[in-house]
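S.K.: Here you go, sequence then predicted model.
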Amino acid sequence: MQNYKGFPIVDLRAGLNLSAEPWMIPMQAFTLAENVYFYQGRVIKRKGYEKFATGTQVWDLDYDGGQNEPDVGDRVTSTTETAGAYVKSYTVTGGAWATNDAAGTIRFTKPGSETVAFADNEDLTNATQSNTLAGGAGLGANGVALKTAHNYVVEPPVMGIYNYFTTGGSSYLIIFDKDYLYQYDSTNDVWVGKGGYDTLTPDFTGDDSQFFWCEIWKDLLFIANNKDAIQYWNGSTLTSPTYTFNGDTLDACLIIIAHKNRLIFLNTLENGTRFPQRYRCTNVGSYSSTSDDIYVDADTVDWIVGVSFLRGELMVLFERSVWWLRYTGDADNPFTWERIAETEGCYGTYSVINFEDEAICLGPTSWVGSDGLRVYDITEKIPDLILTMNQNKLNYAYGFLAEEMRQYLCSYPSQGEDYPDKMLCMNYLDNCFSIYNLPMHVAGYWTQGSDWTFDDITVTMDEMNWSFDEKTLVAGYPTTLIGDRNGYVHTLFSSNTDDGSAITSRLKTKRLVPYSDSKAKLGYVDFIGDAGEGMEFTAKFYKDHSDIAFLSQTVTMVEAGKSKTRQRVRVMERGERFMIEVTDSGAKQIALDAIVPFFRPAGKM
């Protein structure tokens, strides 16, 4: 009888591969890679996220807006806040204010601060019903006192996250909801509403697909949302300049870019008319002067969707074509359009990411890249992934880089979903892919001002599997933030759970066919990877064409005094082909270096 022979699956750089039948893909490739990523030849379970800006405050509030139902804008007096607050919104889910049995949710705006939700939007009941809020009764028709902790949240959804910094060294973390700009108060760990927030006068009126585009130039943060007039923020005040070009007023634009000492406006709305192929720009050296009346429309019916800088030149991505906006040096006509390629383009403004010599984005049929000479598919290993998406909602796609892990991540909505519920994860060095089950509306970065301490840790010591000297926890390192549709901002890759919810990872090998002319017996499988207390996963085994596992076993990756371990699972099963699955829902970051199945021939097919 022949001895078993190992068929090691090592140097795990192939990632997810959906380009062929499961038995035809390379040995190191996987047919399922969910909530894992590939890095330096290993496969690692992704980290999760936790809430950012969670400061709370206790108010004693008395409602004095009237004897019955309140109106939006009514003042709420406070024994601890002399300026009081305003009713921003409320929802009655049962009963009525007039009969003193109303139940629902009420939200206040505190001048100089931000929108707050009682007990994380917990139901608000009046005094005649059981109180569900900490520390006091609810609001009723006669203005009963209310005392409760307020959790600071932004009016959902979060629509943009930006790090605004000046040449003088000042730095501000800025976020948006659909109506207002907020600035992070690091002392109190809260968001502070700015502009018209204090008086409930919205500064913006876009919908939940009109994300905020920001550009820093001359120490100002220029803001566009493709709906409202362009504004700029100087760290304390929002200003809305009027851009008039020879009688044509710029109402809005999709994108603002500072380039060659001018502000460039792309895909413009002028006097109520959309010009989707147009660029306009300010006079040289000025962000407000427009007397030169410069504009040119590209010779295409495509709409401008995105932009990228490549080797110092401005590349503009249309729906089905890619162009240069070339600098000419001519004061009267400083830029000209030059087509790079047709047929492929961009469908997600915020999916665009640029490297030194390449730009990538979500196109109409796949993720595409361009080096300035051509446009090409970069997702040939996962060609049908686009078919699993809601094609009508690709404009919600949002991309960003996690450079410490060499990842490009881009959210997208699955079929049947109106908003992104998944992310493509691409290791851009090895060009390999996986999928994250991770809903996200927007993303951005924040530069941490101080090193992490024990006060910043929200998990137990047993759950920690990182060290305080990791570069991502050191002051000055950019922290990745994501904003959700519930008004919360989270730090990404900072926890082993998704805000307390378990992360389930799944990894499936190809269908292993060790012998072309005979059946095989799978004797055992070795799993090689990181060792640590509580590190365990479930190994499942499938054979032939069945989708039902014939064996499921818990694998514990623990070996005293060692950081690496090799654990063996005894299988002893005969078949034509086999598939191995690794799944985990624990609170540890599982990492595997290799999977080694051992086979021997087992008779004719």
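M.R.: Sure, I can see it. Just so it is clear, the model here is predicted, and its values are computed rather than measured.
S.K.: Distance check, Q40 against L12.
M.R.: Taking CB to CB, to the nearest Å as the measure, Q40 and L12 are separated by 9 Å. Backbone N, C-alpha and C define where each C-beta goes, glycine included.
S.K.: Any stretches of the stretch 401-550 of the chain with poor pLDDT?
M.R.: Low-confidence segments of the stretch 401-550 of the chain, defined by pLDDT under 70: 448-477.
S.K.: Could you do the chain as well?
M.R.: Across the chain, residues meeting the criterion (pLDDT under 70) sit at 1, 55-154, 198, 448-477, 605.
S.K.: hang on, the earlier thing: for Q40 and L12, indicate the residue with more neighbours.
M.R.: Residue environment comparison for Q40 versus L12 gives the larger neighbour count to L12, 25 against 14, counting by other CB atoms under 10 Å.
S.K.: I'd like to check what contacts stretch 560-578. Which residues are they?
M.R.: Contacts of stretch 560-578 from elsewhere in the structure, counted by CB atoms under 8 Å, 6 or more residues apart in numbering, are 23, 511-513, 519-532, 539, 541-545, 550-551, 553, 555-559, 593, 597, 602-603, 605.
S.K.: The residues you listed, buried ones only, as a ChimeraX selection?
M.R.: Those of the contacts of stretch 560-578 that count as buried under 16 or more other CB atoms under 10 Å are selected in ChimeraX with:
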select :511,512,519,520,521,522,523,525,527,528,529,530,531,532,539,541,542,543,551,555,557,593,597,602
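S.K.: tell me the contacts of the closest residue to L173 other than its chain neighbours?
M.R.: Once its chain neighbours are removed from consideration, L173 has its nearest residue in Y184; the separation is 3.9 Å (CB to CB, 6 or more residues apart in numbering). Remark: with contacts taken as CB under 8 Å, 6+ apart, Y184 is in contact with 53, 172-175, 190-192, 446.
S.K.: could I have the helix or strand harbouring Y184 exported to PDB, CA atoms only?
M.R.: Taking DSSP states H and E as the definition, Y184 sits inside strand 181-185. Extracted C-alpha coordinates of strand 181-185, given in PDB (Å, rounded to 0.1, in the frame of the first residue of the first chain):
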ATOM      1  CA  LEU A 181     -20.900  70.000   8.400                       C
ATOM      2  CA  TYR A 182     -19.500  68.700  11.800                       C
ATOM      3  CA  GLN A 183     -16.100  69.100  13.400                       C
ATOM      4  CA  TYR A 184     -14.600  66.600  15.800                       C
ATOM      5  CA  ASP A 185     -14.100  67.800  19.300                       C
END
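S.K.: so what strands line up beside that strand?
M.R.: Paired strands of strand 181-185, with direction, are strand 171-176 (antiparallel), strand 190-193 (antiparallel) (DSSP bridges).
S.K.: Show me what counts as buried in the first one.
M.R.: Right, strand 171-176. Going by 16+ other CB under 10 Å, strand 171-176 has these buried residues: 173-176.
S.K.: In a markdown table: the residues you listed, plus distance to S495.
M.R.: Supplementary listing: the buried residues of strand 171-176 in a markdown table, determined by distance: CB to CB, whole Å:
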| residue | distance to S495 |
| --- | --- |
| L173 | 20 |
| I174 | 24 |
| I175 | 20 |
| F176 | 25 |
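S.K.: Let me know the closest of those to G487.
M.R.: Distance to G487, by CB to CB, is smallest for I175 among the buried residues of strand 171-176, at 9.8 Å.
S.K.: so who does that closest one touch?
M.R.: Contacts for I175 were tallied using CB under 8 Å, 6+ apart; they are 154, 158-162, 181-182, 184, 191, 444, 483, 489.
S.K.: Tell me how far it lies from G369.
M.R.: Between I175 and G369 the distance is 30 Å, computed by CB to CB.
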